[in-house]
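>>> Fold the following and give me the result.
(one chain, ligands or ions: 2)
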Amino acid sequence: MTNYTVVIVAAGQGKRMNAGRNKQFLMIGERPLIVHTLQAFTKDKECREIILVTNESDEEDMRGLMNRYKLPKIKLVHGGKERQDSVYQGLLAVSDPHLPVLIHDGARPFVKKENVHELVKRIQEDQAALLAVPVTDTVKQMKDGKLQTLNRDQLWAAQTPQGFSYDLIKRAHEKAQKDGFYATDDAALAESFGYDVSIVHGSYDNIKITTPEDLQKATAYVNK
Ligand SMILES: Nc1ccn([C@@H]2O[C@H](COP(=O)(O)OP(=O)(O)OP(=O)(O)O)[C@@H](O)[C@H]2O)c(=O)n1
Ligand SMILES: C[C@](O)(CO)[C@H](O)COP(=O)(O)O
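Residues are numbered from 1 along each chain as shown. Ligands and ions are numbered 1, 2, ... in the order given. The predicted structure follows:
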């Protein structure tokens, strides 16, 4: 196995959760969402450094959680307006540019260690890879007023972590900034930068907690 760094982005507003505060602090079972996510990495010996990207207004509460749950090796930095801006702030704080860097949503608390390790192994060969799962619904596209059905065999739902060699993803972010290009994930930046990104089959349990219904599902998952 190879050591790696992880940048965990948690500097969103959680608007779709509509909880009146950043969803990262909502409880899933006995622990806050972000603590589940952080522990997935603090418990992994291969993880050398954790950069947690947070809102300035959440910093004190985040530090409180780090003390309360005795979470080691975490560096805290402030995020930006969009997810992509927050990731870039995280990348700037990485200590060792020679390690592969994983980028993970704070809002995905159930990532599995075996999937993380498979991803890290893949980055050693391919430089850019992400966890994803085959789409299980039939997906329709409304284009110019005409409904079309996409070929499901070619569709994958992107998850995080997404992993890269450090130089590649830093340069891809800087090119995107220069071009004013914003995407909803980091793999899209590597793709637009001309790199082949490979897929590592993830787990359907690795959900992103976005809406109140997701929070209910997550609570049922930890209580099962
Ligand atoms: N400016 C931003 C926006 C998002 N994120 C993080 O990116 C992850 C994925 O984003 P999403 O689930 O969309 O979270 P929010 O942006 O918080 O939710 P919403 O879009 O509903 O406001 C989350 O862990 C979120 O905290 C971030 O660090 N900085
Ligand atoms: C990166 C991501 O988790 C891939 O599924 C997702 O795109 C981030 O969430 P957002 O709602 O698109 O900001």
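
>>> what's the pLDDT at the residue in the chain positioned nearest to ligand 1?
Closest approach between the chain and ligand 1, counting by CB to the nearest ligand atom: Gly12, at 2.1 Å. (C-beta placed from N, C-alpha, C; glycine too.) Note on Gly12: pLDDT of 98.

>>> That one: which element?
Element membership for Gly12 (DSSP states H and E) is empty, with no helix or strand holding it.

>>> Am I right that Lys75 is in contact with Ala93?
Yes. Counting by CB atoms under 8 Å, Lys75 does reach Ala93; the two are 5.7 Å apart.

>>> Give me the common contacts of the two.
Ile51 (CB atoms under 8 Å, 6 or more residues apart in numbering).

>>> need the contact list for the residue of the chain closest to ligand 1.
22-24, 79, 83, 86, 106-107.

>>> Just checking: what are the partner strands of the helix or strand that contains Thr5?
Using DSSP H and E, Thr5 maps to strand 4-9. Note on strand 4-9: by DSSP bridges, its sheet partners are strand 47-54 (parallel), strand 101-105 (parallel).

>>> Is the longest one in proximity to ligand 1?
Yes. Residues of strand 47-54 contacting ligand 1 under CB under 6 Å from any ligand atom: Val53.

>>> what residues does the protein put near ligand 1?
Neighbours of ligand 1 within the chain, by CB under 6 Å from any ligand atom: 9-16, 53, 79-83, 86, 105-107, 208, 210.

>>> Show me which of these are buried.
When the residues of the chain next to ligand 1 are checked for burial by 16 or more other CB atoms under 10 Å, the buried set is 9-12, 14, 53, 79-80, 83, 86, 105-107, 210.

>>> could I get these as CSV with distance to Arg68?
Compiled in CSV, those are given as follows (distance: CB to CB, whole Å):
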residue, distance to Arg68
Val9, 21
Ala10, 16
Ala11, 20
Gly12, 22
Gly14, 21
Val53, 20
Gly79, 22
Gly80, 27
Arg83, 27
Ser86, 24
Asp105, 22
Gly106, 17
Ala107, 20
Thr210, 26
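
>>> What about ligand 2: which of these touch it?
Within these, those near ligand 2 by CB under 6 Å from any ligand atom are 83, 105.

>>> Out of the buried ones among the residues of the chain next to ligand 1, which two sit at the greatest distance?
Using CB to CB, the pair of these lying farthest apart is Gly80 and Thr210, separated by 19.6 Å.

>>> Report how many residues lie close to Asn151.
7 (other CB atoms under 10 Å).

>>> no wait, Glu60
9.

>>> What's the separation between it and Asn18?
23 Å (CB to CB, to the nearest Å).

>>> Nearest residue to the most centrally placed residue in the chain in space, please, no chain neighbours.
The residue lying closest to the centre of the chain (CA atoms, centre = their mean) is His104, at 2.2 Å. Using CB to CB, 6 or more residues apart in numbering and skipping residues adjacent in sequence, the residue nearest His104 is Pro161, 4.2 Å away.

>>> name the helices or strands packed onto the helix or strand hosting the one you found?
Here Pro161 sits within strand 156-164, counting by DSSP H and E. Other elements packing on strand 156-164 under the criterion 3 or more CB pairs under 8 Å, 6 or more residues apart in numbering; DSSP states H and E are strand 101-105, helix 113-126, strand 128-134, helix 186-192.

>>> Of those, which stretch is the most buried?
Among the helices and strands packed on strand 156-164, ranked by average contacts under mean count of other CB atoms under 10 Å, first place goes to strand 101-105 (a mean of 27).
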